[in-house]
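Asks: predicted coordinates and the sequence they were generated for:
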Amino acid sequence: MTDFDLLTIGNAIVDIIAQTDDAFLAREAVQKGGMTLIDAERAEHLYGAMGPAIETSGGSAGNTAAGFASLGGRCAYFGKVADDQLGVVFRHDIRALGVHYETTPLDGVPPTARCMILVTPDGERSMSTYLGACVELGPEDIDAAVVAAAKVTYFEGYLWDPPRAKEAIRKAAEIAHASGREVAMTLSDSFCVHRWRAEFLELMRSGTVDIVFANEAEAMALYETDDFETAVASLAADTRGLAAVTRSEKGCVIVDKSGRVDVPAIDVAAVVDTTGAGDLFAAGFLRGYTGGLDREASARLGVIAAGHIIAQIGPRPQRPLADLPEVRSIL
């Protein structure tokens, strides 16, 4: 078994990305800036109503895996697709990036998941997700050898929506810790935090999770506070390892029990699409962290990766991030 720097576990989703305006969101009752779970009928309706779109393999943890590989890291991925056309597309895309992906596809229904991502002129993305085959990810899909071989196992908070995935994550965490490895999670979005706040806190306080990624809104939602500094202090107290909190144009904060590091954002000429910004920040940070860099250098890789991705349409790098001069200067 090849050693991996990172294993990511998530909802294997094909993203369907279209540019639109706020009037369309209002007309179609789409929640701006969040992720809403929808059924197959709603998915078909939105697909028919939205404008010209780009279809690309996505999903939060899948995007992180893609970004990590683009930065030259050794990465594996667990996520469930169906044995259908979109499933073939997803498998091809992630493997073509050099990510190890061997999760057995689902033979039959439901079909491969898809997410309609509507991008407004301000760069904000509003997501409507049909989980499809994702809900079938279970403990049997956890390859113990891959988990044991990965320095960090990272999963997305969205996995707390399909019930069997919780069992899979807990199994992976037990294997990782038994092998002397670490476990990381992203809170995914504030709506997800509101649904699973108590369980997310239990994962942190019990030591099931060592590293937490969040954005400003998610961190404050987790502690039901309007004060960012209160949320940061609480994260430091509750996290065994460290917490990384992104703040858009304000950069990010890295905090653990030993202290805090603030790292500014990079300059971006124009924000085109914020889809995947948090996913790519995690990719950059974990690339540095698993490579032995300190918190500040790892965070600088994170903000570079995030800044690069918001300047393009889509959540996956269109050129190798490892080739960027500012990345080479850190790695």
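Replies: Here it is on my side, so go on.
Asks: isn't Leu286 right up against Phe68?
Replies: Yes - Leu286 is within contact range of Phe68, at 6.4 Å (criterion: Cβ atoms under 8 Å). The C-beta positions use only the backbone N, C-alpha and C, and glycine is treated the same way.
Asks: which residues do those two both contact?
Replies: Counting by Cβ atoms under 8 Å, 6 or more residues apart in numbering, the shared contacts of Leu286 and Phe68 are Asp5, Leu6.
Asks: neighbour-wise, which of these two wins?
Replies: Neighbour comparison, Leu286 and Phe68: the larger count goes to Phe68, with 33 against 30 (by other Cβ atoms under 10 Å).
Asks: now do the helix or strand that contains the more buried one: distance to the chain's middle.
Replies: Secondary structure from DSSP states H and E places Phe68 in helix 60-70. Remark: helix 60-70 is offset 8 Å from the chain centroid, using Cα atoms, centre = their mean, to the nearest Å.
Asks: burial of the nearest residue to Glu199 once chain neighbours are set aside, as a residue count?
Replies: Using Cβ to Cβ, 6 or more residues apart in numbering and skipping residues adjacent in sequence, the residue nearest Glu199 is Trp160, 6.4 Å away. As a burial measure, Trp160 scores 21 neighbours (other Cβ under 10 Å).
Asks: for the helix or strand harbouring Glu229, give the mean pLDDT please.
Replies: Taking DSSP H and E as the criterion, Glu229 maps to helix 228-238. The pLDDT scores in helix 228-238 average 97.
Asks: give me the buried positions along it.
Replies: Within helix 228-238, the residues that count as buried by 16 or more other Cβ atoms under 10 Å are Phe228, Ala231, Val232, Ser234, Leu235, Ala236, Asp238.
Asks: tell me the spacing between the third one and Val89.
Replies: Spelled out, it's Val232. According to Cβ to Cβ, to the nearest Å, Val232 and Val89 sit 40 Å apart.
Asks: where does the spatially closest residue to Arg197 that is not a sequence neighbour fall, phi/psi-wise?
Replies: Nearest residue to Arg197 in three dimensions, chain neighbours excluded: Leu222, at 6.2 Å (Cβ to Cβ, 6+ apart). Main-chain dihedrals, Leu222, degrees, to the nearest 10: phi -60, psi -40.
Asks: for Leu222, give me its contacts.
Replies: Taking Cβ under 8 Å, 6+ apart, one finds Leu187, Val193, Arg197, Phe200, Leu201, Ala214, Ala231, Ser234, Leu235 in contact with Leu222.
Asks: what segments of the stretch 201-331 of the chain are helices?
Replies: Remark: helices assigned in the stretch 201-331 of the chain by DSSP state H, counting those that start in this stretch are 216-222, 228-238, 277-290, 295-309, 325-328.
Asks: quick one, the third one and helix 295-309 angle?
Replies: Orientation of helix 277-290 against helix 295-309 (axes from the mean of the first three to the mean of the last three Cα atoms, to 10 degrees) gives an angle of 150 degrees.
Asks: tell me which other helices or strands helix 277-290 touches.
Replies: Counting contacts by 3 or more Cβ pairs under 8 Å, 6 or more residues apart in numbering; DSSP states H and E, helix 277-290 is packed against strand 4-9, helix 60-70, strand 150-156, strand 182-186, strand 211-215, strand 242-246, helix 295-309.
Asks: would JSON lines of the ones you listed with distance to Ala96 and mean pLDDT be doable?
Replies: JSON lines is the format used below for those (distance: least, Cβ to Cβ, whole Å; pLDDT from 0 to 100):
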{"stretch": "strand 4-9", "distance to Ala96": "16", "mean pLDDT": "98"}
{"stretch": "helix 60-70", "distance to Ala96": "10", "mean pLDDT": "96"}
{"stretch": "strand 150-156", "distance to Ala96": "21", "mean pLDDT": "98"}
{"stretch": "strand 182-186", "distance to Ala96": "24", "mean pLDDT": "98"}
{"stretch": "strand 211-215", "distance to Ala96": "26", "mean pLDDT": "98"}
{"stretch": "strand 242-246", "distance to Ala96": "28", "mean pLDDT": "98"}
{"stretch": "helix 295-309", "distance to Ala96": "18", "mean pLDDT": "97"}
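Asks: quick one, which of these is nearest to Glu41?
Replies: Closest to Glu41 of these is helix 60-70 (Cβ to Cβ; 24.3 Å).
Asks: ok, then the element right after that closest one?
Replies: Downstream of helix 60-70, the next assigned helix or strand under DSSP H and E is strand 75-78.
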